[in-house]
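> Sequence and predicted structure below; questions after.
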Amino acid sequence: MTSRLSPWLTLVLMLFTLPVLAADAQRTGTWGASVKEQQLHLSLQPKDRPDSHHGFSAPLADFQGLSTADGSSAPFKLVREAGTFDFEGRFTDGQGVGTWRFTSDASFTKKLGELGIPKPDAEQQFLLAILNVGPKRVQALAAVGQKVTTVDELVQVGIFNVTPEYVRTMAAEGYPKLTLEQLVSCRIHNVTPERIQGLAALGFKGLPLDSLLSMSIHGVTPDFIREMRGLGFKDLSAEELVSMRIHGVTAAFVKEMRDAGYENATAQDFVSMRIHGIDSIFVRSLSKKRK
């Protein structure tokens, strides 16, 4: 199954372009930033890789000494479990530019080790600082039954924002005891409580996780289901709805083919038409050949 890139997957591609540096190398570079809705959206450009950018956002309140007022040039910092980002620069009209330096926290790897997670290398520690995950997240997830055992798993937790709150929410919606991999998949494909509740209200309650994921991946939304029901397809299964989305059976296509004479075609008929390239243009061409 395929899906469009989500914002989380875009972040993956951005973060894994981080340059490989020696463990004791100092991380420095330039930054650009914009202020929006009480968040500072940062783009870091490493000094040794001027063509590489690593973006992330954080609430303004998380920064120490930050002023985004016009002309402000006060240094500010962002302290994370994995280390500290120090910034210098200037803001004008809500936009900032300057230089940054990252200093890793020497106690970070020790704390992870005490939780059974192998020591991250310098590159991984920098990534975990950007993602803002560390021992606190590991402990919080353990408290709701999710054990993180590797650095790679912790990176996924950070990239896809697997939080204790999300674990509890999924359990409350009927999906308890999901694995970390399943939770990550749900996050990637935007399985939200609102989506689950919307599907349940239309009769799709207690779906197997694979069906729920498939519907999310292929865009079987409550709106799409209501649209199909408005066309007379009242009792379609989750699998039938997914098939319609995969093969591009839209409301417009159904109306087009009904206008072409296929008033009694079933949902499967419309799927077959799409698979074999049959549309109203093809039907009209056949009619002309018969004349």
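Nice, thanks for sending it over. Numbers count the residues shown, from 1 in each chain.
> got a list of what M273 touches?
Neighbour list for M273: M257, Y262, A265, D279 [criterion: C-beta atoms under 8 Å, 6 or more residues apart in numbering]. All C-beta spots, glycine's among them, are computed from the backbone N, C-alpha and C.
> who wins for neighbours among the residues you listed?
Within the contacts of M273, M257 tops the neighbour count with 21 neighbours, counted by other C-beta atoms under 10 Å.
> just checking, that residue is part of a helix?
Yes - under DSSP: H, G, I helix; E, B strand; the rest coil, M257 falls within a helix.
> any idea how far it is from D105?
63 Å (C-beta to C-beta, to the nearest Å).
> Same check on D259?
66 Å.
> what about those two, which has more around it?
D105 (17 against 11).
> Now the more buried one: phi and psi?
Torsion angles at D105 (phi, psi; degrees, to the nearest 10) stand at phi -90, psi 120.
> give me every residue that touches the closest residue to it other than its chain neighbours.
The shortest distance from D105 to any non-neighbouring residue, by C-beta to C-beta, 6 or more residues apart in numbering, is to G83 (4.8 Å). Each residue near G83 by C-beta under 8 Å, 6+ apart is listed here: F102, T103, S104, D105, F108, Q125, F126, A129.
> 6 Å - rerun?
F102, T103, S104, D105, A129 (C-beta atoms under 6 Å, 6 or more residues apart in numbering).
> just checking, what packs against whatever helix or strand L40 lives in?
According to DSSP states H and E, L40 maps onto strand 39-46. Applying 3 or more C-beta pairs under 6 Å, 6 or more residues apart in numbering; DSSP states H and E, one finds that strand 39-46 contacts strand 27-36, strand 54-59.
> Now do P19, the pLDDT please.
With respect to pLDDT, P19 has a value of 43.
> where do the helices sit along the stretch 151-291 of the chain?
Per DSSP state H, counting those that start in this stretch, the stretch 151-291 of the chain carries helices over the ranges 151-159, 164-172, 180-188, 193-201, 209-217, 222-230, 238-246, 251-259, 267-275, 280-290.
> I'd like the ones you listed as a markdown table, with mean pLDDT and distance to G113 appended.
What follows is these, written out as a markdown table (pLDDT from 0 to 100; distance: least, C-beta to C-beta, whole Å):
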| stretch | mean pLDDT | distance to G113 |
| --- | --- | --- |
| helix 151-159 | 97 | 11 |
| helix 164-172 | 97 | 22 |
| helix 180-188 | 98 | 20 |
| helix 193-201 | 96 | 35 |
| helix 209-217 | 97 | 33 |
| helix 222-230 | 97 | 46 |
| helix 238-246 | 98 | 44 |
| helix 251-259 | 95 | 56 |
| helix 267-275 | 96 | 54 |
| helix 280-290 | 72 | 65 |
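> Which member of the contacts of M273 is positioned nearest A200?
Of all these, A200 sits closest to A265, with 29.4 Å by C-beta to C-beta.
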